[in-house]
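A.B. asks: no sequence for this one, just the structure:
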C-alpha cells in the first residue's frame with residue numbers, strides 16, 4: 001500500500017484544493033471530482049496529495065453541499081421511481097423498491113440528525129425532496 005504521494009503527480013496540494021473548489025461550485029459531487037482529478041489531471045489519490053479527503057477540503061473551503069451526497073442520491077432515485085410508479089400503476093415490485101429506498105432515506109436521516117449534519121427539524125418527504133433537489 002502506498003503511504004506517500006508519488007513524485008510524478010503534476011499538481012501541488014494548493015492547486016488540487018483550488019480545482020476541488022472550482023468543480024464543486026460547478027455542481028460536481030465529491031466522487032465525480034475524484035474521478036476527474038484522477039483521469040484528467042493525473043492525481044491518483046487526493047488524500048495522499050493533500051493530506052485531506054475531497055469532502056474535508058470542501059468543508060474547509062465552505063463549499064460543502066447542503067445535503068450529504070448519499071442522501072441526495074437516494075432522494076433522486078426515489079423521485080425517479082415515484083414518477084415511474086405514477087405512469088405504471090400495476091408495477092408493485094418497483095413500489096416495494098420505492099418503499100425500501102425511502103426506508104434507507106429515513107435511516108440516513110436519523111443518522112445525520114444524530115451526528116449533527118442535518119438540523120433536527122429536517123424531515124424527508126417526496127414533495128420536499130423534489131423541491132430540494134431542483
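C.D. replies: Perfect, I can see it now. Because the structure is a prediction, the values reported are computed rather than measured.
A.B. asks: now do residue 27, the pLDDT please.
C.D. replies: With respect to pLDDT, residue 27 has a value of 87.
A.B. asks: let me know how buried it is, in neighbour terms.
C.D. replies: Neighbour count of residue 27, defined by other C-beta atoms under 10 Å: 8. Every C-beta, even on glycine, is put in place using the N, C-alpha and C of the backbone.
A.B. asks: secondary structure class for it?
C.D. replies: Here residue 27 is coil, with the state taken from DSSP: H, G, I helix; E, B strand; the rest coil.
A.B. asks: which residues touch stretch 117-134?
C.D. replies: 66-68, 72, 75-76, 78-79, 82, 102, 105-106, 109, 112-113 (C-beta atoms under 8 Å, 6 or more residues apart in numbering).
A.B. asks: give me the mean pLDDT for it.
C.D. replies: 89.
A.B. asks: quick one: distance of it to the chain centre.
C.D. replies: 15 Å (C-alpha atoms, centre = their mean, to the nearest Å).
A.B. asks: can you check stretch 72-80 too?
C.D. replies: Distance, centroid of stretch 72-80 to centroid of chain: 12 Å (C-alpha atoms, centre = their mean).
A.B. asks: with stretch 55-73 instead?
C.D. replies: With C-alpha atoms, centre = their mean, you get 7 Å for stretch 55-73.
A.B. asks: if we can go back for a sec, and the two most separated of the contacts of stretch 117-134?
C.D. replies: Maximum pairwise distance in the contacts of stretch 117-134, criterion C-beta to C-beta, is 23.4 Å, between 82 and 113.
A.B. asks: neighbour-wise, which of the two wins?
C.D. replies: Taking neighbours as other C-beta under 10 Å, residue 82 and residue 113 compare with residue 82 leading, 18 against 15.
A.B. asks: what sits against that one?
C.D. replies: Residue 82 touches 98, 126, counting by C-beta under 8 Å, 6+ apart.
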